[in-house]
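Chemist: Generate coordinates for the sequence data below:
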Amino acid sequence: MRFGAAVLRSYESPFAVEEVILNAGPADGEILVKIAGCGMCRTDLAVRRSAGRSPLPAVLGHEGSGIVVETGGPGTGLSVGDHVVLSFDSCGHCRNCMGAAPAYCDSFASLNLFGGRKENATRFTDVAGGALAPRWFGQSSFAEYAMVPARNVVRVDPSLPIELLGPLGCGFLTGAGAVFNSFGVSPGDTLAVFGAGAVGLAAVMAATAGGAVTVAVDRHPERLAFAERFHAIPLNAASAGLPDRIQQLTDGGAQYALDTTGSAQLINDALRALRPTGHLGLVARLHTALPLEPGTLDRGRRISHLCEGDAVPGLLIPRLTGLWQAGRFPFDQLIRTYPLADINEAERDCDAGRVVKPVLLPEGRAP
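Modeler: Alright, predicted model coming up:
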């Protein structure tokens, strides 16, 4: 089977849309999905800075959505024609997977970040027969088709706009999951979100849906305008006395804070903005030591790293689509679509902050 895909051949080169070859159909437990759309996540772009840890050449993309065209047998629980959202890969049998914490799978890094599943890897090649890294996040969905383990997949209502749903499998899932799962936000709770990108704005929308009072911190006025539209109190990151301002706005300090920036200064500001026993969650991967200022962890405050919003995708994604249908999680307002052929333009716009969530469409721009 031959189809188009965006291939990254080196850490410095642009993506190239090429013909690739899948030399066999789905194995047991797999499905073949015709991709309707795929979100571009900063984790995809971070491959350029991965210092050789992510093997190239590769087809990236891990926020895919589409329609099942072939299954590897009845054991997948899916049928041809099903509309599906693709999420992260996990082994399914380690202690954390068995404990409903697949984001903390013992094999998460190897399955998702460092090359993917090795089974049947050689069946995915370029037209010259050169191997492509086996399935980024179990998907490699910057492409017209993706071969996916069935456990990665969540079936969705076919009346939903399938081409826009892919980011629910990672970016939007991470922000909303932090609110609903990691923090368990309830009506009247207070939350400070640092970084109003795709993850941060998903957290803002989820917090609003959950009845929380939310402050959103960012340095881009257009991102703060989105946050305000979603009923958060906008606050510029350059504001003097940022922790004190947040404490005033949240009546003595936020119960929860979410940092999506990885900035040491903002992480320290977030800790200072918490009330006693408050919880700060980090979603960005830190690549250097994190210096914590004296007093930031006093009085029961705590800090933890959150992966994929502590989500079970099969539970959270239907919750988010239900909220969207009710007008309470308007994630589509954050999306700009691009033809797959314009993937390098989408990357430039994402890097420059001109778009919150690019979504690539293999068959062209949505009407």
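Chemist: use CA for all of it now, contacts and neighbours both
Modeler: Will do.
Chemist: Phe108: what's its closest spatial neighbour, skipping adjacent residues?
Modeler: Ser90 (6.0 Å; CA to CA, 6 or more residues apart in numbering).
Chemist: Wait, that neighbour touches Ala109, no?
Modeler: No. Contact criterion CA atoms under 8 Å: Ser90 and Ala109 do not qualify, at 9.4 Å.
Chemist: higher neighbour count, these two?
Modeler: Remark: of Ser90 and Ala109, Ser90 carries more neighbours, 27 against 16, as counted by other CA atoms under 10 Å.
Chemist: That one: which element?
Modeler: Using DSSP states H and E, Ser90 maps to neither a helix nor a strand.
Chemist: ok, it - contacts?
Modeler: Going by CA atoms under 8 Å, 6 or more residues apart in numbering, Ser90 touches Cys97, Pro102, Ala103, Cys105, Ser107, Phe108, Leu111, Arg151, Asn152.
Chemist: Retrieve the pLDDT associated with it.
Modeler: pLDDT, Ser90: 95.
Chemist: Phi and psi next, for it.
Modeler: Phi and psi for Ser90, reported as degrees, to the nearest 10, are phi -160, psi 160.
Chemist: How about Met98?
Modeler: Per-residue torsions, Met98: phi -70, psi -20 (degrees, to the nearest 10).
Chemist: before we move on, what about the one 3 residues further on?
Modeler: Reported as degrees, to the nearest 10, the phi and psi values for Ala101 are phi -130, psi 60.
Chemist: for it, what are its contacts?
Modeler: So Ala101 contacts Asp310, Ala311, Val312 (CA under 8 Å, 6+ apart).
Chemist: Could you do Ala176 as well?
Modeler: Contacts of Ala176 by CA under 8 Å, 6+ apart are Val199, Ala202, Ala203, Val204, Met205, Ala206, Ala207, Gly309.
Chemist: Name the nearest residue to it, sequence neighbours excluded.
Modeler: Ala203 (4.7 Å).
Chemist: ok, and the helix or strand in the protein with the lowest average confidence?
Modeler: With mean pLDDT, DSSP states H and E as the measure, the helix or strand of the chain carrying the lowest mean pLDDT is helix 42-45 (a mean of 88).
Chemist: Could you export the contacts of Ala176 to TSV, including columns for neighbour count and distance to Gly177?
Modeler: Below are the contacts of Ala176 laid out as TSV (neighbours: other CA atoms under 10 Å; distance: CA to CA, whole Å):
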residue	neighbour count	distance to Gly177
Val199	28	10
Ala202	28	9
Ala203	31	8
Val204	33	11
Met205	27	11
Ala206	27	8
Ala207	32	10
Gly309	28	4
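Chemist: which residues of the protein score low on pLDDT?
Modeler: 51-52, 114-115, 121, 364-367 (pLDDT under 70).
Chemist: Can you list the residue ranges for helices in it?
Modeler: Under the criterion DSSP state H, the chain carries helices at the ranges 42-45, 95-98, 108, 171-177, 198-209, 221-229, 242-249, 264-273, 313-325, 343-352.
Chemist: got TSV for those, with distance to Asp298 too?
Modeler: Formatted as TSV, the helices of the chain follow (distance: least, CA to CA, whole Å):
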stretch	distance to Asp298
helix 42-45	33
helix 95-98	31
helix 108	33
helix 171-177	26
helix 198-209	26
helix 221-229	30
helix 242-249	15
helix 264-273	9
helix 313-325	33
helix 343-352	36
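Chemist: so who does Gly177 touch?
Modeler: Ala203, Glu308, Gly309, Asp310, Ala311, Leu316.
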